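A.B. asks: Generate a structure from the sequence data that follows.
(one chain, ligands or ions: 1)
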Amino acid sequence: MAFANIVGQDIPVDILQNGLERKRINHAYLFTGKKGVGKKFTAIQFAKALNCKEMDLDACGECISCRKFDSGNHPDIVDIEPEGKHIKIDQIRKLQQSISYRPYESEWKIYIIKEADCMNLQAANSLLRTLEDPPGYVIIILLASKEESLLPTITSRCQIVKFRPLTVDEIIDRLISRFKLDKNKAKKIAVLADGSLGKAIDFIENEETLTTREIILDEIKKLNNLDLVELFELVQKILDYKEEIDNILESIITFYRDLLLYKGSQKEELLINFDYQEELSCLDQEYTFDEIQAIIEEIEKTNNLIQNTNVNLQLALEVMLLNIKEKRM
Ligand SMILES: [Zn+2]
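C.D. replies: Sure thing, here's the model as predicted:
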């Protein structure tokens, strides 16, 4: 069975199985939700069920089609993901060429476009033409974090399926059953993963991600007391982990989100960085609500610049940390 392996996404599963049952399959879907909640996995299970030779509403896991899906080399499923920062028009052109060939050995030919919000405008406009009139055997599944980050002309042609963040308990259960973690470790990771099973698994498979987070947050918590030289040293330290810059900035954002939450509620159990509870409660008095909000916006703005432009990373981080420290936003 395929759908039973999906964690916590009952509504998307219902929608897709309903479509299978009523034989009303759309040619374009948009799965939205944060990274790591199961969009890609669900798209593959759906594709597997659509092409299964034995079952109509699920996948048997045993027929030749299912076995090819499991080994990752089914010829009628095509993955597209950003090359560098964007999905480019050449990639969409390639999709359009391949789309005109009928499926090799199944009823459906399925295209999964990961991080569809990274399509540049040219690519998006080009894809639009395909979405307007796809061949009958084609299904295109777009994955994106938010519906709003895509052109309305694209979203209006898709059936939208929303994925929710997973609960801490759902993640704990999965971590214990799959990785045999003890309950305490599973809990720590599940809370930090902030609704994303993918992120939790990443923490387990790359333990250094957790260590990096601690190294950086240990500095961020005393940012107000750093002098200029120390602040530049902190930037150098972050640059040592350049490849993990997304994760680092996200950790810093969650740290300030926690501060905001703690300030509003004084409830420790709501914190994601619950291992920094003491530090957060000390910082509480140093900032107003508006200041914390502005800090979070400043980090998001910097993250955007880093992801989408060729900004100088060192300079961007220096400006960001200085602005936060001086509350200059
Ligand atoms: Zn099968």
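
A.B. asks: Now do the SS call for the residue nearest the centre of the chain.
C.D. replies: In the chain, the residue lying closest to the centroid (Cα atoms, centre = their mean) is Lys35, at 1.4 Å. Look at Lys35: counting by DSSP: H, G, I helix; E, B strand; the rest coil, its state is coil.

A.B. asks: I'd like the distance between the residue in the stretch 201-329 of the chain that the ion sits nearest to and Leu175.
C.D. replies: Using Cβ to the ion, Ile201 is the residue of the stretch 201-329 of the chain that sits closest to the ion, at 25.9 Å. Quick note: C-beta positions are derived from backbone N, CA and C, even for glycine. Computed as Cβ to Cβ, to the nearest Å, the Ile201 to Leu175 distance reads 8 Å.

A.B. asks: So for those two, which residue has more residues nearby?
C.D. replies: Higher neighbour count among Ile201 and Leu175: Leu175, with 24 against 18, using other Cβ atoms under 10 Å.

A.B. asks: remind me which residues of the stretch 201-329 of the chain are low pLDDT?
C.D. replies: Applying pLDDT under 70 to the stretch 201-329 of the chain flags residues 329.

A.B. asks: Please name every helix or strand in contact with the host helix or strand of Lys237.
C.D. replies: In this assignment (DSSP states H and E), Lys237 forms part of helix 228-240. Using 3 or more Cβ pairs under 8 Å, 6 or more residues apart in numbering; DSSP states H and E as the contact test, the elements touching helix 228-240 are helix 207-220, helix 313-325.

A.B. asks: if you go through the stretch 101-250 of the chain in chain order, where are the helices?
C.D. replies: Remark: helices assigned in the stretch 101-250 of the chain by DSSP state H, counting those that start in this stretch are 121-132, 152-155, 168-179, 183-192, 197-205, 207-220, 228-240, 245-265.

A.B. asks: just to revisit the earlier point, the residue nearest to the centre of the chain reaches Ser145, doesn't it?
C.D. replies: Yes - with contact defined as Cβ atoms under 8 Å, Lys35 and Ser145 form a contacting pair (6.6 Å).

A.B. asks: if we can go back for a sec, now tabulate the helices of the stretch 101-250 of the chain in JSON lines and tack on distance to Gly19.
C.D. replies: Listed next are the helices of the stretch 101-250 of the chain as JSON lines, based on distance: least, Cβ to Cβ, whole Å:
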{"stretch": "helix 121-132", "distance to Gly19": "17"}
{"stretch": "helix 152-155", "distance to Gly19": "18"}
{"stretch": "helix 168-179", "distance to Gly19": "24"}
{"stretch": "helix 183-192", "distance to Gly19": "31"}
{"stretch": "helix 197-205", "distance to Gly19": "24"}
{"stretch": "helix 207-220", "distance to Gly19": "37"}
{"stretch": "helix 228-240", "distance to Gly19": "46"}
{"stretch": "helix 245-265", "distance to Gly19": "34"}
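
A.B. asks: coming back round to it: buried residues, the helix holding Lys237. List them.
C.D. replies: Of the residues in helix 228-240, those buried by neighbour count under the rule 16 or more other Cβ atoms under 10 Å are Leu231, Phe232, Leu234, Val235, Ile238.

A.B. asks: distance of the residue in the stretch 151-300 of the chain positioned nearest to the ion from Leu270?
C.D. replies: When scored by Cβ to the ion, the stretch 151-300 of the chain has Val161 as its residue closest to the ion, at 22.4 Å. Per Cβ to Cβ, Val161 is found 29 Å from Leu270.

A.B. asks: Could you do Lys263 as well?
C.D. replies: Lys263 is 11 Å from Leu270, by Cβ to Cβ.

A.B. asks: Compare neighbour counts for those two and give me the winner.
C.D. replies: Shown here are Lys263 and Leu270; by other Cβ under 10 Å, Lys263 has more neighbours (17 against 12).
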